[in-house]
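# What would the 3D arrangement of this be:
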Amino acid sequence: MIQAPAHIPREVDCLVLGGGITGAGVARDAAIRGLSVLLVDSHDFASGTSHLTSKLVHGGLRYLEYGQFRMVLEGVSERNRLLNLIAPNLVRPLKFIIPLEEHDLKRWLLATSALQLYDLMGLYDGGRRSRTLNEAALAEACPALRSFPSALAFWDAQTNDARLVLATLRTAVEAGATILNYAGLQAASFDGRAWNVHLYDEDAGVTFALRARSIVNATGPWTPLTAELLSEPPKPLMWVKGTHIVLDRLAGFGDDAIVIRSLRDRRPLWVVPWESRLLLGTTESLYEGNLRRVRAEADEVADLFSSFADAFPGLHARPHHVRMSFAGVRPIIQQEGALDSALSRHHEIDADAACRVITISGGKLTTFRRMAEQAVDQVVTMLALPPINRRTRQRLRGEALWPGLVRGGRGDLHHQLAHEARSAEVNEDTISHLIRHYGVNAAGIVARMFRDRSSAEPLVEGLPFTLAEMEYLCRTESVRHLEDLVRRRTPLYFLADLEDGRVLRRIVEHIAPLRVWDAGERDRQVGRVLDDLAADLSAVRGFQQQAAGVTRAIGAGASAAAVPAASAAAS
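Residues are numbered from 1 along each chain as shown. Sure thing, here's the model as predicted:
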């Protein structure tokens, strides 16, 4: 259970700053080793980049082209750990298809060789091997895709990024860690033996004081700012903005992810099935703005949509099929060269032994466990603690996340809950969703559905989310605000049409007694989410208006020179 702790420890071995996937991994690792741990985040858990990713767990096939073999090997190894051992419920295999633009024997040989190497690095991962597709096989697999002479098919994996963070935090808590959201670092000073730290809880208006024998800076894009607060030299980072759009899952797309090319700059784009939608991304551009207000731009939405429409003429996509846009910032270690696919996503861990500060920079979602292990190894060395034994090391590298997410018995659990749910008229897809995200704890949510049949009704048609799930999350996962619930505990914000506020108000009315919200606070909670929605949808609406204007201009017989570049999106 992830709830606000009754007591904040006065002294800890390790204070983890940052509640994203990297910080969660550090807290899990350190707690399993037996260290006393406090993790804090100035906002909500997973509120930064960790819930704004492409939802993929991958080895990084494209980096083989640039000779980054060690990074790819590490990524494939960690992908397989998550897929087969650590989070089998949350991380699932996904087939990817890369169409090849032209008959180029040299490029084809290089690509197939890279795939064979990728397979070898993953030891074929249970028989899921890559293969090549000729034009006929590709047309059969992806009938809506425009014609390509051939394609490559390979396997990686997909996850719910924010749920992976929460499951990792649950494991840390089970192992003894204390975690707290909405508690920012206010002041810190090192006295030669430990850090004297003051944390401020913005919701409660309370300041906490404690001593920490070491600090791990795992604040992602905020790493340089946090380093300055700790009087540490900040590592030069590049803030790279990535924009995604969410589209209707148009009939004829299929279940595989497809890699296409941007019409604007030929960058690879991933089209990934995501619940009842399609997720398409990502753009890449340098970012220098407010890290809490990263938004998509209309021209980015236009680029993504026009590339999608060009690649899939058989889907007859139109601008109104774009439902949402979102953008996040990836912290990449400063590198020379252009902003392109060659930029390495490697990570670095810097240890200041004199002040007992470990700083984690760079990296990606897939390798969070490995980054955490390396960082906590440094903590252990700094604190002169005995090295961990082989059994503990094996736990770190292979133990499943919190007891709810276990591989064994999943089929029996599904059969049992499906049988019980039929009498409560609960949708089978809802049961599958609950088991995938909450494991054995899904039984408690279904029990709630029995007690209140109305809580079993889908909040949005075509999506598996229910009031029973919302109530469970409020009781168990330190939900402070409505946005925590609809953006990170669930992806409802990104998948559903919430602009009219009806679904949001229904949720708020149901959970208000748990949060002790009066009528005014309920309105404020809904208003905050609607404001965010308006901001995130502004790029989509701007693109749609521009596309509509182009359509009218074409219909009125405007000259080609008068029609803006968005005409590709409207055609």
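# Show the low-confidence segments of the stretch 1-150 of the chain, by residue range.
The model of the stretch 1-150 of the chain has pLDDT under 70 over residues 1, 103-107, 122-127.
# Now do the strands in it.
Under the criterion DSSP state E, counting those that start in this stretch, strands of the stretch 1-150 of the chain are mapped to 11-12, 14-17, 37-40, 56-57, 91-100, 131-134, 150-159.
# mind giving me TSV with those and columns for mean neighbour count?
Yep, even glycine has a C-beta here, placed from its N, CA and C like the rest. Below are the strands of the stretch 1-150 of the chain laid out as TSV (neighbours: other CB atoms under 10 Å):
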stretch	mean neighbour count
strand 11-12	18
strand 14-17	30
strand 37-40	27
strand 56-57	26
strand 91-100	20
strand 131-134	14
strand 150-159	22
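# could these go into TSV alongside distance to L199?
Listed next are the strands of the stretch 1-150 of the chain as TSV, based on distance: least, CB to CB, whole Å:
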stretch	distance to L199
strand 11-12	12
strand 14-17	9
strand 37-40	6
strand 56-57	32
strand 91-100	32
strand 131-134	53
strand 150-159	30
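# Out of those, which is closest to V240?
Nearest to V240 among these is strand 56-57 (16.2 Å), distances taken as CB to CB.
# Mind listing the strands that closest one pairs with, and their directions?
strand 150-159 (antiparallel) (DSSP bridges).
# Who are the contact partners of D532?
D532 is in contact with 483, 487, 493, counting by CB atoms under 8 Å, 6 or more residues apart in numbering.
# Now, of those, which are buried?
483, 487, 493 (16 or more other CB atoms under 10 Å).
# hang on, isn't the second one packed against L52?
Going back to what we said before, that points to R487. No. Contact between R487 and L52 fails when scored by CB atoms under 8 Å: they sit 9.5 Å apart.
# Mind putting the buried ones among the contacts of D532 into CSV with secondary structure?
As requested, those are exported to CSV (DSSP: H, G, I helix; E, B strand; the rest coil):
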residue, secondary structure
E483, helix
R487, helix
Y493, helix
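# Mind putting these into JSON lines with distance to H198 and pLDDT?
Below are the buried ones among the contacts of D532 laid out as JSON lines (distance: CB to CB, whole Å; pLDDT from 0 to 100):
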{"residue": "E483", "distance to H198": "26", "pLDDT": "98"}
{"residue": "R487", "distance to H198": "28", "pLDDT": "98"}
{"residue": "Y493", "distance to H198": "33", "pLDDT": "98"}
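# mind giving me the domain ranges of the chain?
For the chain, automatic domain parsing gives the domain ranges 11-50+163-236+344-398, 60-159+238-333, 410-517.
# which one of those domains lies closest to D536?
That would be domain 60-159+238-333 among the domains of the chain, by CB to CB, at 5.9 Å.
# Number of residues surrounding Q374?
By other CB atoms under 10 Å, 18 other residues sit near Q374.
# I should have written E336 there, sorry.
E336 has 5 nearby residues by other CB under 10 Å.
# likewise N427?
Residues contacting N427 under the criterion other CB under 10 Å number 15.
# Just the pLDDT at it, thanks.
pLDDT, N427: 79.
# now it: how far from H321?
Distance of N427 to H321, computed by CB to CB, to the nearest Å: 25 Å.
# related to what we said a few turns ago, any chance of the domains of the chain in JSON lines, with distance to D532 too?
Shown next, in JSON lines, are those (distance: least, CB to CB, whole Å):
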{"stretch": "domain 11-50+163-236+344-398", "distance to D532": "12"}
{"stretch": "domain 60-159+238-333", "distance to D532": "10"}
{"stretch": "domain 410-517", "distance to D532": "7"}
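# most tightly surrounded among those domains?
Of all those, domain 11-50+163-236+344-398 carries the top mean neighbour count, a mean of 21, counting by mean count of other CB atoms under 10 Å.
# start to end distance for that one?
Start-to-end span of domain 11-50+163-236+344-398 (CA to CA, to the nearest Å) is 30 Å.
# so how far is that domain from its chain's centroid?
The chain centroid and the centroid of domain 11-50+163-236+344-398 are separated by 19 Å under CA atoms, centre = their mean, to the nearest Å.
# Quick check: I435 is in a helix.
Yes. If the criterion is three-state DSSP, then I435 is within a helix.
# ok, and the closest non-adjacent residue to it?
Distance criterion CB to CB, 6 or more residues apart in numbering; nearest residue to I435, sequence neighbours excluded, is A442 at 4.8 Å.
# how close does that neighbour sit to W402?
With distances taken as CB to CB, A442 is found 13 Å from W402.
# hang on, the earlier thing: could you say which one of the domains of the chain comes nearest to R528?
Nearest to R528, of all the domains of the chain, is domain 410-517, at 6.2 Å by CB to CB.
# now that closest one, how far from the centre of its chain.
Worked out by CA atoms, centre = their mean, domain 410-517 lies 20 Å from the chain centre.
# With stretch 308-325 instead?
23 Å.
# Go ahead and confirm S325 touches T243.
Yes. Counting by CB under 8 Å, T243 is a contact partner of S325 at 6.4 Å.
# shared neighbours, the two?
296, 300-301.
# In helices, which of those fall?
300-301 (DSSP state H).
# measure E78 to I333 for me?
E78 is 18 Å from I333, by CB to CB.
# How about V37?
26 Å.
# the longest helix in the chain is where?
The chain, longest helix under DSSP H: helix 519-555.
# in that one, what counts as buried?
522, 525-526, 529, 532-533, 536-537, 539-540, 542-544, 546-547, 550-551, 553.
# All the strands of the stretch 351-500 of the chain, residue numbers only.
Counting by DSSP E, counting those that start in this stretch, the strands of the stretch 351-500 of the chain are 357-362.
# Which parts of the stretch 101-250 of the chain are helices?
105-121, 135-141, 161-174, 223-229 (DSSP state H, counting those that start in this stretch).
# Report all helices and strands that the second one contacts.
The reference is to helix 135-141. On a contact count with 3 or more CB pairs under 8 Å, 6 or more residues apart in numbering; DSSP states H and E, helix 135-141 meets strand 91-100, strand 150-159.
# Let me have those in TSV, extended by distance to P268.
Listed next are the helices and strands packed on helix 135-141 as TSV, based on distance: least, CB to CB, whole Å:
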stretch	distance to P268
strand 91-100	8
strand 150-159	12
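# how far away is T476 from L169?
Distance of T476 to L169, computed by CB to CB: 11 Å.
# Please enumerate the shared neighbours of those two.
Common neighbours of T476 and L169 (CB under 8 Å, 6+ apart) are I2.
# hang on, the earlier thing: which of the contacts of D532 sits closest to F45?
For these, the nearest to F45 is R487 (11.1 Å; CB to CB).
# What pLDDT does the model give the residue most central in space within the chain?
Closest to where the C-alpha atoms of the chain average out (CA atoms, centre = their mean) is D161, at 2.9 Å. D161 carries a pLDDT score of 97 in this model.
# Skipping its backbone neighbours, what lies nearest it in space?
In space, D161 is closest to T53, 4.7 Å off (CB to CB, 6+ apart).
# quick one, what contacts that neighbour?
161, 328, 365 are the contacts of T53 under CB under 8 Å, 6+ apart.
# Now flag whichever of those is closest to F253.
D161 (21.6 Å).
# average pLDDT for stretch 258-269?
Mean pLDDT, stretch 258-269: 93.
# Show me what it is in contact with.
62, 96-99, 101, 142, 145, 270-271, 280-284, 303-304, 306-308, 310-311, 340-341, 568.
# switch the cut-off to 6 Å
Contacts with stretch 258-269, where a contact means CB atoms under 6 Å, 6 or more residues apart in numbering, come from 97-98, 271, 303, 306-307, 310-311.
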